[in-house]
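Peer 1: What shape does this take:
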Amino acid sequence: MPEIYLPDDLYERLGRLARPFEIPADVIQRLVDEKEDGQARQVPFCARPGHPRKPRPDSLRGAVTGRWEEAGRPKWDIEEAIRVCEDVDEEFQQAGKNPAPRFREGRSRGDTTYIRAFVYGYHFQWLNPR
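Peer 2: This is a model prediction of the structure:
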């Protein structure tokens with residue numbers, strides 16, 4: 001199956017259109033169906049087996065998850081997860097990349113409340129899985 005890579009902000013927009021337990025492919029299918037014939041077709045309520053969501057290594061979430069896996073999958077608390085997210089974002093910034101613009105803006109403003117909510121929103125499996 002071909003893979004589609006989306007910027008984090010577009011992925012978040014897609015997520016706001018999702019129904020409970022829909023995977024991105026189901027949301028896209030529903031939107032395409034609606035556009036083509038004006039009616040939504042029924043999609044499965046639960047994610048189909050064989051469609052795991054793997055974070056992309058070029059995304060903030062994917063790079064942080066990679067660090068966690070390299071560290072032996074420890075039980076990081078929110079403070080450690082925030083620290084790693086900030087470190088990874090700093091590395092992306094030095095490389096001229098910005099895969100999570102809102103996170104970067106919050107970090108540059110020093111908005112710790114926003115950063116904490118943003119990191120919790122990623123639903124890292126060691127912190128607050130779905």
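
Peer 1: which is the next helix or strand following the lowest-mean-pLDDT helix or strand in the chain?
Peer 2: Ranked by mean pLDDT, DSSP states H and E, the weakest helix or strand in the chain is helix 24-37, scoring a mean of 79. The helix or strand immediately downstream of helix 24-37 is helix 60-70, counting by DSSP states H and E.

Peer 1: If you count neighbours, what's buried in the next helix or strand after that next one?
Peer 2: For helix 60-70, the following helix or strand on the C-terminal side (DSSP H and E) is helix 78-94. For helix 78-94, the buried set under the neighbour-count rule, 16 or more other CB atoms under 10 Å, comprises 81, 82, 84, 85, 86, 88, 89, 92. The C-beta positions use only the backbone N, C-alpha and C, and glycine is treated the same way.

Peer 1: Tell me which other helices or strands helix 78-94 touches.
Peer 2: helix 60-70, helix 101-109, helix 112-121 (3 or more CB pairs under 8 Å, 6 or more residues apart in numbering; DSSP states H and E).

Peer 1: For residue 16, find the nearest of those helices.
Peer 2: Taking CB to CB, helix 112-121 is the member of the helices and strands packed on helix 78-94 nearest to residue 16, at 11.7 Å.

Peer 1: and that closest one, how far out from the chain's middle?
Peer 2: 13 Å (CA atoms, centre = their mean, to the nearest Å).

Peer 1: Mean neighbour count, the helices and strands packed on helix 78-94: which tops it?
Peer 2: helix 60-70 (a mean of 18; mean count of other CB atoms under 10 Å).

Peer 1: by how many degrees do it and helix 101-109 diverge?
Peer 2: On the basis of axes from the mean of the first three to the mean of the last three CA atoms, to 10 degrees, helix 60-70 is oriented at 80 degrees to helix 101-109.
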